[in-house]
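**Q** what's the 3D shape of this:
(2 chains)
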There are 2 protein chains.
Amino acid sequence: MEAKDASSAGDDTALEASRPRTFIKDIVRGVTEELVGRKVVVGGWVKTGREQGKGSFAFLELNDGSCLANLQVIVDAAVHPLTQLVPTGTCVLVEGELKKPPEGAKQSVELKVESVLEVGPVDPAEYPLPKTRLTLEFLRDFGHLRARTNTISAVARIRDELAYATHTFFRKNGFRYVHTPIITTSDCEGAGEMFQVTTLFSNAEKVEKELKQNPRPSETDIEAAKLLVKEKGETVSQLKSSKASKQEISASVSELTKAKESLSRLEERFKLKAGIPQKDGKIDYAKDFFGRQAFLTVSGQLQVETYACALGNVYTFGPTFRAEHSHTSRHLAEFWMVEPEIAFANLEDDMNYAESYVKFLCQWLLDNCIEDMEFMVKNFDKAAIERLKLVSSSPFERISYTKAVQLLKNVTDKKFENEVEWGIDLASEHERYLTEVLFKKPVIVYNYPKGIKAFYMKLNDDQKTVAAMDVLVPKVGELIGGSQREERLDVLVKRITESGLPLEPYEWYLDLRRFGTVKHSGFGLGFERMILFATGIENIRDVIPFPRYPGRADL
Amino acid sequence: MEAKDASSAGDDTALEASRPRTFIKDIVRGVTEELVGRKVVVGGWVKTGREQGKGSFAFLELNDGSCLANLQVIVDAAVHPLTQLVPTGTCVLVEGELKKPPEGAKQSVELKVESVLEVGPVDPAEYPLPKTRLTLEFLRDFGHLRARTNTISAVARIRDELAYATHTFFRKNGFRYVHTPIITTSDCEGAGEMFQVTTLFSNAEKVEKELKQNPRPSETDIEAAKLLVKEKGETVSQLKSSKASKQEISASVSELTKAKESLSRLEERFKLKAGIPQKDGKIDYAKDFFGRQAFLTVSGQLQVETYACALGNVYTFGPTFRAEHSHTSRHLAEFWMVEPEIAFANLEDDMNYAESYVKFLCQWLLDNCIEDMEFMVKNFDKAAIERLKLVSSSPFERISYTKAVQLLKNVTDKKFENEVEWGIDLASEHERYLTEVLFKKPVIVYNYPKGIKAFYMKLNDDQKTVAAMDVLVPKVGELIGGSQREERLDVLVKRITESGLPLEPYEWYLDLRRFGTVKHSGFGLGFERMILFATGIENIRDVIPFPRYPGRADL
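**A** I've put the predicted structure just below:
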């Protein structure tokens, strides 16, 4: 009976596709002459709405997220109750005709509504995002609604464009996209500060719950069960030696089996222990999901190298994690990285790819995202578009670390907080001075002292520097870090040992050098840093949809 | 002095780009007439090598991962010692001239080597991947080398193509890519089985180490420090009231400050506790990195809905996680999902998008990846290409759940393990029967009983079914699951409560319905399942670069 009742909803005729919706971007960017007179269905959220002509009609500024611009929509009071439509945040799906607005209007076309198909209303007294200008900091408390603001939706479109540009660039250059793992048992930098991934807590909870519902069996219970197994076993032997009937024997064997199963269940339950499993005074990670300690990746580099040493040109683009207690405007606990890895490439090739990639991204935004970029210029950074043009068109400066140190030592117009000396890691103030003041364009610094760089970077012939490079850009400083990788087995072993790291976890990495080793290089671009660079927005928490940092992981 | 020494490596002239490498795909797919006579640099790994003509020259089958095909390379003994070049797995970078091989050769062009630029040798006695045919299971133990095999590199290229096709499809349809969070404090399905993300273990370790190095202060130490603060405070008061010199007062204030700081450090250290922090007999997650329990996401759907309710058409494509103890060939602990979310779309629109997306993927592989697909046909699944053609060209069958149950009840040629009755969740055997036997093409089943589906799916007017849909395909069964979302606040609240879930964690999700709610729909495609479907490979562990499952998280 139930089946019949339910089938009314299951009837094929009950389903009908929605009327096709026209994106507002296709209207505001279209050719006026072709648009005027066309009937369209448009849906979006009201940015501002106001009743006019003593309530006889309303103007709605409608945004559907397809572009920054709103469409002006006119609704007559006869078509729909206007008070329901005008509050900011209201969702409407309307149908109407595109018209030419009166002379002097801002837009070249507007929509005269013939019917309101759907409304998602808003109570203005409760809506958390009123029409007034809201700070980005305020909006962070409304992660689920902030995409409705001009800034965050523009950032989302710019982010999307940069992601697509990334895939396009690498594909054009013969790279394959490889999904490196998020959960890892390797620590790329040997730097610690990793998040641990575990089921030990939830397992402990389950055991605790289980023990609450069914208390652990006592030793007496176990002894009784053991005795039963012994007895049943003896019965089986007796019957067998007394040549009992097959039926009798089989029945007694079956009882023995049952007794054994019951014992093993009891023993299993007897072993259940509340709390985190311990062994020799330490947490017993053998009991964890992966049978060992597992972490969230800090970089896909080492893993993607295994694919570079097989497919040649590869890249990974995915989330990476740092469990650092940084509360700065430049750090996130979860962020996205683009990491290409190139076989048969040396440091110079690496720099060439890095430079053309960054140029490609900048040119892409100029070609595909100019409206949102103009919004950034108006609201966040007057120089944003100029910077994209500069970077996409002029060659990057390339200087050795040694040269950079010399230049910085000779600086007289600025006093650095951190003194410059050959051997130090360049601080952000040094990096930004090089790119913003000294060269006024992107700078690639290469050949760093080995003491401040990771073990996997290729040792130069001078035995003092490694074939590393950083791309520094105005506004954010370091945008890319990369290197030629050490492909010589003996040197790599020495470097790992010198760095105080154990060899065992890197045996697989060493295998790449043992078997068909290849010169190769790669780099990593912090995706959010690229967005900061492009938009001029100050805080990294505002350029990722759902920022994670100490104390905060909303949604 | 050091700077000068090091600058030799930092000299700009020391850097030179590599000679451009020609991809083997551009040679084997090129026009013979244009290629013959060209000088090229080619790099790759030797698949097979053999010395010929009494050691006067060698044939190398060279693969560079740019395509499945190898390039035949001929090296004279005079050019390079041949024994170093012929072992399987050897890496070479060579320069030479492309020639027409003798009549009857398999390839239309071969490379005559003029110089061997680089060699990464292999000791055949130690190389773990000999020339013989290796099982996929065996290869799983060599995650760092298996990309050098024909199968795994073909899978990698197919995976890359499907990823690019995904971005292309959604871009063409006006969708924006949104990076939903990996670390989350929401549980989309309310299903549990999530990995927990924590720094509690490493924090506890740090504290333990700290306490070992510097034992905790005793209460006597604290008392002494308190006394010192009191004394220094009294001194300050005395000096002030005795109108001592400013210098004297300032010195005593500074001593007081030091004493206070020292006390607070001692108190801080006194509070240090080894072990996982507890509160009221439970783990105190307020002390964890995010100030609360955090997990790895099981789906980006709920979060991406927030962007759909602002930007209209969006999708997320990223890793998702299940801490299930499944050891099947269909489950991974870490896998990738594609999840579009569409504003103003009902279930029929959702199905239309799902169908065109899957068709697009299939056609893409036929257009861009035919060589690798032919390899799959030859080695894994004779029907693989036929299946892609079928799916890309014929309309999917669409039937209601109720109809599906009727059809399955009438089946006489097969006995199902699970009995079919209206209300049950269709098992894999039912799904595969529908798509493989009954319709012999993809089938979309829609309008499922609400009891077996998630709370966020739109309740149909019959009050018994929800607007859910599953896309079933031959070979893998369920490929896509989707639904229209419940956009009515009151109904959604009721459904959450009925599902036994607390409302509080979903307040943000309810806000989307409180403020400008919109009809919307979406679906999720298991990316690895799509690859299984395309390639015919049996085990999901072989279609992701670094598989994670219970007990295993290599690299």
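**Q** just give me how far the helix or strand hosting A:H430 sits from the chain centre.
**A** Element membership of A:H430 [criterion: DSSP states H and E] is helix A:428-432. Computed by CA atoms, centre = their mean, to the nearest Å, the separation of helix A:428-432 from the middle of its chain amounts to 27 Å.
**Q** ok, now stretch A:91-104?
**A** Worked out by CA atoms, centre = their mean, stretch A:91-104 lies 38 Å from the chain centre.
**Q** residue of the stretch 251-400 of chain A nearest chain B, please.
**A** Closest residue of the stretch 251-400 of chain A to chain B, CB to the nearest CB: A:S400 (2.8 Å). Placement of C-beta: from N, CA and C, glycine included.
**Q** that residue and B:L361: what is the separation?
**A** As for A:S400, its distance to B:L361 is 47 Å (criterion: CB to CB, to the nearest Å).
**Q** with A:V41 instead?
**A** The value you get for A:V41 to B:L361, if CB to CB is used, is 29 Å.
**Q** and the two? which has more neighbours close in?
**A** Taking neighbours as other CB atoms under 10 Å in any protein chain shown, A:V41 and B:L361 compare with B:L361 leading, 25 against 16.
**Q** confirm that one sits in a helix?
**A** Yes. According to DSSP: H, G, I helix; E, B strand; the rest coil, B:L361 belongs to a helix.
**Q** ok, and the closest non-adjacent residue to it?
**A** B:A165 (5.3 Å; CB to CB, 6 or more residues apart in numbering or on different chains).
**Q** buried residues in the strand or helix carrying the one you found?
**A** Taking DSSP H and E as the definition, one finds B:A165 inside helix B:150-172. Buried residues in helix B:150-172, counting neighbours by 16 or more other CB atoms under 10 Å in any protein chain shown, are found at B:151-171.
**Q** go ahead and flag the most central residue of chain A.
**A** Nearest to the geometric centre of chain A sits A:P319, at 3.9 Å (CA atoms, centre = their mean).
**Q** does any part of the helix or strand where that one lies sit near chain B?
**A** If you go by DSSP H and E, A:P319 is part of strand A:313-321. Yes. Judged by CB under 8 Å from any CB of the partner chain, strand A:313-321 comes into contact with chain B through A:313, A:318-319, A:321.
**Q** partners of that strand, with directions?
**A** Strand A:313-321 has its sheet partners listed here by DSSP bridges as strand A:176-177 (parallel), strand A:334-343 (antiparallel).
**Q** could you look over these and pick the most buried one?
**A** Burial of the strands paired with strand A:313-321 is given as mean neighbour count (mean count of other CB atoms under 10 Å in any protein chain shown); strand A:334-343 ranks first at a mean of 25.
**Q** tilt between that strand and helix A:150-172?
**A** In terms of direction (axes from the mean of the first three to the mean of the last three CA atoms, to 10 degrees), strand A:334-343 departs from helix A:150-172 by 20 degrees.
**Q** now for the longest strand seen in chain A, which elements pack on it?
**A** Counting residues, the longest strand in chain A under DSSP state E turns out to be strand A:39-52. Here strand A:39-52 touches helix A:24-28, strand A:57-63, strand A:71-76, strand A:91-99, strand A:110-120, going by 3 or more CB pairs under 8 Å, 6 or more residues apart in numbering or on different chains; DSSP states H and E.
**Q** repeat that with 6 Å
**A** Where contact means 3 or more CB pairs under 6 Å, 6 or more residues apart in numbering or on different chains; DSSP states H and E, strand A:39-52 is packed against strand A:57-63, strand A:91-99.
**Q** so which bits of the shortest one are buried?
**A** Of the residues in strand A:57-63, those buried by neighbour count under the rule 16+ other CB under 10 Å are A:57-63.
**Q** got it, and stretch A:267-277?
**A** For stretch A:267-277, using 16+ other CB under 10 Å, the buried residues are A:269, A:276.
**Q** if we can go back for a sec, which of the helices and strands packed on strand A:39-52 sits closest to chain B?
**A** Among the helices and strands packed on strand A:39-52, if distance is taken as CB to the nearest CB, the winner is strand A:91-99, at 3.8 Å.
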